[in-house]
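# quick one: sequence plus predicted model below, questions after.
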Amino acid sequence: MAQEGTTATRRIRMGLIGLGAAGQNHLAVLSRLPEVDLVGIADLDAALVARLGAETGVALATTDHRRILADTSIEAVAIAAADAAHFPLIMDCAAAG
């Protein structure tokens, strides 16, 4: 965290899993946060992921969330998938470290 009175802010490299209604809200907010560098998005809908990746300039746009988890430069992941998918996604995140 930057000290008060400084302009230096370390950006956190993040991924986002799930691009439904809640995920798109997360995408809109994360894309505007100066502290966040959104570098990966994932959803099972290939057309949606491709469109949102192109619109936002996120280079890693995939239907396989494990590609985000395999990227060791990503420091945090937000899960915005359907509630029923949370547990397996969280377990995958935990396994990835």
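Sure, I can see it.
# residues contacting residue 75?
12-14 (C-beta atoms under 8 Å, 6 or more residues apart in numbering). Where you see a C-beta, it was placed from the backbone N, CA and C, and this is true even at glycine.
# among those residues, which lie within strands?
Judged by DSSP state E, the contacts of residue 75 include 12-14 as members of strands.
# neighbour-wise, give me the winner out of the contacts of residue 75.
Counting neighbours by other C-beta atoms under 10 Å, residue 14 leads those with 21 neighbours.
# can you check the pLDDT for that one?
On the pLDDT scale, residue 14 is placed at 97.
# now do residue 10
At residue 10, the pLDDT value in this model is 86.
# in a helix, that's where it is, yeah?
No - secondary structure of residue 10 (DSSP: H, G, I helix; E, B strand; the rest coil): coil, not part of a helix.
# residue 67 and residue 49 touch, don't they?
No - with contacts counted by C-beta atoms under 8 Å, residue 67 stays clear of residue 49, the gap being 10.9 Å.
# okay, and the common contacts of the two?
Taking C-beta under 8 Å, 6+ apart as the contact rule, residue 67 and residue 49 both touch residue 42.
# so these two - more neighbours on which side?
Set side by side, residue 67 and residue 49 show more neighbours around residue 49, with 20 against 14, by other C-beta under 10 Å.
# residues contacting the more buried one?
Residue 49 is in contact with 19, 41-43, 61-63, counting by C-beta under 8 Å, 6+ apart.
# so which of the contacts of residue 75 comes closest to residue 76?
residue 14 (4.9 Å; C-beta to C-beta).
# from residue 48, how far off is the residue nearest to that closest one when sequence neighbours are not counted?
Nearest residue to residue 14, sequence neighbours excluded (C-beta to C-beta, 6 or more residues apart in numbering): residue 76, at 4.9 Å. Counting by C-beta to C-beta, to the nearest Å, the gap from residue 76 to residue 48 is 22 Å.
# and what of residue 36?
21 Å.
# over to residue 68?
Distance from residue 68 to residue 48, by C-beta to C-beta: 15 Å.
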